[in-house]
Each structure stands twice: as structure tokens, then as C-alpha cells.
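[1] this one's structure only:
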């Protein structure tokens, strides 16, 4: 049986890789760096994403030893004999792993290109030199990589996997009933991210905003979908807000005794009137579900200062980048404070036209992302590469 090593560094990557693993595990032995969904699918991990998932330069320093150790373990596993390395986004770690795989002579696939169009364009040559097949999920990336396509480097645009992955099961009534939320209440989602640094930085700010909003709107109830890896941390942060109308939910994969759903974030997005969302994949998910929202984000001042020098895009949020204009308000750094978040949320809660206009733009974004079937197309490319050695 041929062996595949999959390297994932974030919860969003775990979601995408999980869909691939479900298809690949019937024919291939799979190991790698895994998140909760990949582990539930039955892969044999050498490490977990919880050990390496960080954002920002100063934030990464706190996990340097763990990251170094996971990298060493991963290279050792590659040397034991692997037929294919698949890396998912997470460039700081994964590009180095690609280089090690190339030295050993292992075939490589980059599934979901890093955002080189935003920053790190110098990485393109490294990616091309160490990747046999790059599988892209964003339509505009083709023009970046087209000049490099050759016998040694293949590029495929497959469409966006979220169009296949996003599924919900609850109606608004059933969702409220499961959380004991009165029917007359309107739900506001608080999505603070899946990394520890995000939960530590953004959730307290969101909770303070929720406190301000609850004074103005008595019929609002806040729901936080906590990822499996962060549920303890989220519960800890919310314990001092017992007087706030708030519910914490999580995934079926969690052992915690709180309400569970197959896709908690998607249920919140579908059944809320509005959400406050941390920058990242969740902004694209909310857009596809057509859940009106604002984007918030804050990192350490050093990380932000260096990022400003490196980044060459006008917007942070993927929906705004793809649509080429600011459809989603972005409250970053000093603007990411309780009062400004509450005020901007109030604008949307009191203006139905504002929410509807955002939804219309989200419909346009969805059409730009292409057709369903991205995961099946990705599976076919990978399977052909493993069976024939080329695509």
C-alpha cells in the first residue's frame, strides 16, 4: 500500500484535508500532522496541529521548540519511506518540509497555495522549485503561477472546497430550541478563530462588545462556536460573563458537556442575524452562507508593523480581496476595540438594507468561486499522480 504524508497547520486546513482523507484512505496509508477531523477520519498522526498552529512573528516564538520538534519528527517519517507529501497552506513550516521531501526524492503536492499574492512573493520560486503539483482554490492565482508551468511543475485550479464542505442541518427554530434560546431573540455570532493567540486576544474584546450591545438590545443572544482544540480556553474566557445572554457550542468531536453540532460555525452563521468574525477562512465561510458580518483582527504591534511592510494588498479579508472592494468592514488593531465593534454591529442590526446589500455581494462572490466538486477534482489529480507518477 502506497504511503502519503499530509502536513496541515491550521483548523481550516484540517477541514479541507479531512475531505481528502475520507477519499484517499480507502486506497492509501496516510500519516502526517493532523487536526481533530483528520484524526477522527483515522489517519496515523506523527503530530497534531495544536502543537504548531500560530499566527504572527512574536506569537511563533513562544512555540518555537514545539514547532522544531514536530518538523524533526516529520522529516524522520519522510525518511522512513513515503510515496507522496501533500502540504496544505501553512507556508512557514510547509515550504521547509517540501524542500526536505525533494532532497529525499519524494513526489510533492501543494494543496491550497499560500497567499503569495498578499505577501511573500519571493516564496513563489521556492514553491515552484520544490512542488511537483500545485492545486489552487482561488481563480486569480493562475496568472501568478502560469509563467512557471513546465514538465517539472504542474498547476491546477479546482474551484473552492468550501462550496462542497459547507453543510448545515438546523433550522432557526431547532437551533434555538437546542440552545434554550427564546424564539423572539435574535442571534449574533462571535467567531474568534481557532488559534490560541486569537482566542486570547480577540474573544475578550468580543465579549466586551457583546456586553455593550446587550445593554442596547434586550432581544439579542450571542453564540460562540468553539473549535475542538480551543473549547476549554473559550469556556474559561466566558465564565466571568454569566449575566450575558451567551451560549458556547462545539463540534461533535469534543468530549465537553455543552451543545454539540457537526459543523458548529456553519450553524451559527446560518442561524444568526449578524456575526463578528476573526479574519481567516471563517470570513469566506460566512460569505458563502450569506451571513452579514464585520471582520476583526489584532496581533502584536511588532507583527503588525512587519506585516504592513510586507503586505501589498488593500484589504485583509478574503471576501473584500476577491470582490475588489470593501464589502465587509474591517476593524483592525486599534480599531479592534469593544466600542468600535459594538457601534459597527449596531449599524448592521438596525439597518436591514445594509445587511441585504452585503448578502447581494456575497452572492456575487459565490459565483466567482466556481463550481462544486473541488475535492473530487483534487482527489483525481492526486490519485493519478500516485498511480502513474505524472498528471
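    That came through fine. Predicted, not measured: the structure shown is a model, and the values here were computed from it. Residues are numbered from 1 along each chain as shown.

[2] any idea of the mean pLDDT for the helix or strand harbouring residue 201?
    Per DSSP states H and E, residue 201 falls inside helix 196-216. Mean pLDDT, helix 196-216: 96.

[3] list the buried residues in it.
    Judged by neighbour count using 16 or more other Cβ atoms under 10 Å, the buried positions of helix 196-216 are 196-199, 201-211, 213-214. The way it works is simple: take the backbone N, C-alpha and C, and place the C-beta from them, glycine included.

[4] is residue 190 in a helix, a strand, or coil?
    Using DSSP: H, G, I helix; E, B strand; the rest coil, the structure places residue 190 in strand.

[5] tell me where the stretch 101-250 of the chain has helices.
    Under the criterion DSSP state H, counting those that start in this stretch, helices of the stretch 101-250 of the chain are mapped to 123-130, 142-145, 162-165, 172-178, 196-216, 231-238.

[6] nearest to residue 318, of these?
    Set against residue 318 and scored by Cβ to Cβ, the helices of the stretch 101-250 of the chain come closest in helix 162-165, at 10.4 Å.

[7] in that closest one, what counts as buried?
    Neighbour-count burial for helix 162-165 [16+ other Cβ under 10 Å]: 162, 163, 164, 165.

[8] same list, those residues, but as JSON lines with pLDDT and distance to residue 105 please.
    Supplementary listing: these in JSON lines, determined by pLDDT from 0 to 100; distance: Cβ to Cβ, whole Å:
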{"residue": "162", "pLDDT": "97", "distance to residue 105": "34"}
{"residue": "163", "pLDDT": "97", "distance to residue 105": "36"}
{"residue": "164", "pLDDT": "95", "distance to residue 105": "33"}
{"residue": "165", "pLDDT": "95", "distance to residue 105": "33"}
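
[9] all strands of the stretch 251-391 of the chain, in order?
    With DSSP state E, counting those that start in this stretch applied, the stretch 251-391 of the chain shows strands at 260-261, 274-278, 293-297, 330-332, listed in chain order.

[10] possible to save those strands as JSON lines with mean pLDDT, distance to residue 3 and mean neighbour count?
    Listed next are these as JSON lines, based on pLDDT from 0 to 100; distance: least, Cβ to Cβ, whole Å; neighbours: other Cβ atoms under 10 Å:
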{"stretch": "strand 260-261", "mean pLDDT": "98", "distance to residue 3": "33", "mean neighbour count": "18"}
{"stretch": "strand 274-278", "mean pLDDT": "98", "distance to residue 3": "36", "mean neighbour count": "27"}
{"stretch": "strand 293-297", "mean pLDDT": "97", "distance to residue 3": "38", "mean neighbour count": "25"}
{"stretch": "strand 330-332", "mean pLDDT": "97", "distance to residue 3": "43", "mean neighbour count": "18"}
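
[11] so can I have a markdown table of those showing distance to residue 138?
    Putting the strands of the stretch 251-391 of the chain into a markdown table (distance: least, Cβ to Cβ, whole Å) gives the following:
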| stretch | distance to residue 138 |
| --- | --- |
| strand 260-261 | 28 |
| strand 274-278 | 19 |
| strand 293-297 | 18 |
| strand 330-332 | 19 |
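
[12] select, out of those, the one closest to residue 7.
    That would be, of the strands of the stretch 251-391 of the chain and by Cβ to Cβ, strand 274-278, which comes in at 23.3 Å.

[13] tell me what angle the closest one forms with helix 196-216.
    Here the directions of strand 274-278 and helix 196-216 differ by 150 degrees (axes from the mean of the first three to the mean of the last three Cα atoms, to 10 degrees).

[14] strand 274-278: partners in the sheet, and parallel or antiparallel?
    Here strand 274-278 is paired, per DSSP bridges, with strand 186-191 (parallel), strand 293-297 (parallel).

[15] mean confidence for the first one?
    pLDDT averaged over strand 186-191 equals 98, rounded to a whole number.

[16] so residue 49 makes contact with residue 37?
    No - contact between residue 49 and residue 37 fails when scored by Cβ atoms under 8 Å: they sit 10.2 Å apart.
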